[in-house]
Every structure is written in structure tokens, then in C-alpha cells.
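Colleague: Return atomic coordinates for the entry below.
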Amino acid sequence: MKTRVAASMALALGLALGMSGCTLLTPQDTLHMQETSNGVGGSVGHIDVRNAVIISNSKGSVGNLVVTLVNNDDKAHYVSIVHGSTTKSVGIPALGVKKLGSDEGKRVQFAPLGAKPGSLTNVYFTYSGATGTQLQVPVLKSTFPGFEGYAPGK
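Modeller: Sure, this is the predicted structure:
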């Protein structure tokens, strides 16, 4: 009887170790950040650029930049956004968030856009005292479901 109990306990211990140790060498998927949206992101000094995308008309001649800028600094900053020869400046309060391109936020539009829907276009973000960053921002049509309200000119 004691042999049977000892064998059962050894089997249970072996199963517990074998089943819990199978992920010991497996990489953790939560360690890798992945963009789960249509836009791209980056950082400029203390400013985070999140989910940047340009919504264009069907020809790609005019585009509306839709982006969220997050200021992680205790000082306000004016971010310069450059596309081609066009530069726009946007103020972001200290420890604040600025949404651009939506009905609730300021519109930053580029004309001529020079990029067709489905392509990528270079947009440069910078502010005084920080090294800027250039992002390849996707250009999407305003006719896609969910993007109708972000069309340029609205």
C-alpha cells in the first residue's frame, strides 16, 4: 500500500513539474510592443507621438493628420510638424495630451499631400531643444469605414 501511495505521489510530482515547466524557455509575447492600430508611433524628447495616420481625399491631394501627442514633461512645448515644405506648429500643455485631426481637436492639413491612399509619407516631428524624429505615416482614404469624420476640409 505504501508503495502505491509513493508511486502516485511521484507521478503527481513529475506531472506537475513537467506541465508547469513547458513554458520555461518560451519567449514572453508581452515583452514585445506592437502597434495594434492603423497609425504609427514614435517619440521626440519628452513628447510621445501616438497613432499617427493621414486621412486623405480619394485623389490623395489633401490630407488631414490624425495623431495624439502626449507631453511627459512638466513644461509646455510647441511641436513642429513638417510634411514636404509645409510646417505646422501645435502647442501641448505640460503633462498634457493634444489630439489632432478629429472633431474635438485642431486640424493639421497638408495640401498638396503628394501621396496616394495606401502609401506611406514622411512626416517630421520636432520641438526646440529636442532631436526630431521622422515617421513614415500611412495615408488612408476617408471612405474607409470609421474614417468618414476625419476627411480633410471638414
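
Colleague: now for the worst-scoring helix or strand of the chain on mean pLDDT, which elements pack on it?
Modeller: Least confident helix or strand, the chain: helix 2-20 with a mean of 78, by mean pLDDT, DSSP states H and E. Applying 3 or more Cβ pairs under 8 Å, 6 or more residues apart in numbering; DSSP states H and E, we find helix 2-20 packed against no helix or strand. In short, each C-beta sits where N, CA and C put it, glycine included.

Colleague: What are the contacting residues of it?
Modeller: Helix 2-20 is contacted by no other residue when judged by Cβ atoms under 8 Å, 6 or more residues apart in numbering.

Colleague: Centre of the chain to it, how far?
Modeller: 49 Å (Cα atoms, centre = their mean, to the nearest Å).

Colleague: send the alpha carbons of that helix over as PDB?
Modeller: This file holds the C-alpha atoms of helix 2-20, laid out as PDB (Å, rounded to 0.1, in the frame of the first residue of the first chain):
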ATOM      1  CA  LYS A   2       2.800   2.400   0.900                       C
ATOM      2  CA  THR A   3       4.500   1.700  -2.400                       C
ATOM      3  CA  ARG A   4       1.300   2.500  -4.300                       C
ATOM      4  CA  VAL A   5       0.900   5.900  -2.500                       C
ATOM      5  CA  ALA A   6       4.600   6.700  -3.000                       C
ATOM      6  CA  ALA A   7       4.300   5.900  -6.700                       C
ATOM      7  CA  SER A   8       1.200   8.000  -7.000                       C
ATOM      8  CA  MET A   9       2.900  11.000  -5.300                       C
ATOM      9  CA  ALA A  10       5.900  10.600  -7.500                       C
ATOM     10  CA  LEU A  11       3.800  10.500 -10.600                       C
ATOM     11  CA  ALA A  12       1.800  13.600  -9.500                       C
ATOM     12  CA  LEU A  13       5.000  15.500  -8.700                       C
ATOM     13  CA  GLY A  14       6.500  14.500 -12.100                       C
ATOM     14  CA  LEU A  15       3.400  15.600 -13.900                       C
ATOM     15  CA  ALA A  16       3.200  18.900 -12.100                       C
ATOM     16  CA  LEU A  17       6.800  19.700 -12.900                       C
ATOM     17  CA  GLY A  18       6.500  18.600 -16.500                       C
ATOM     18  CA  MET A  19       3.400  20.600 -17.200                       C
ATOM     19  CA  SER A  20       4.400  23.800 -15.500                       C
END
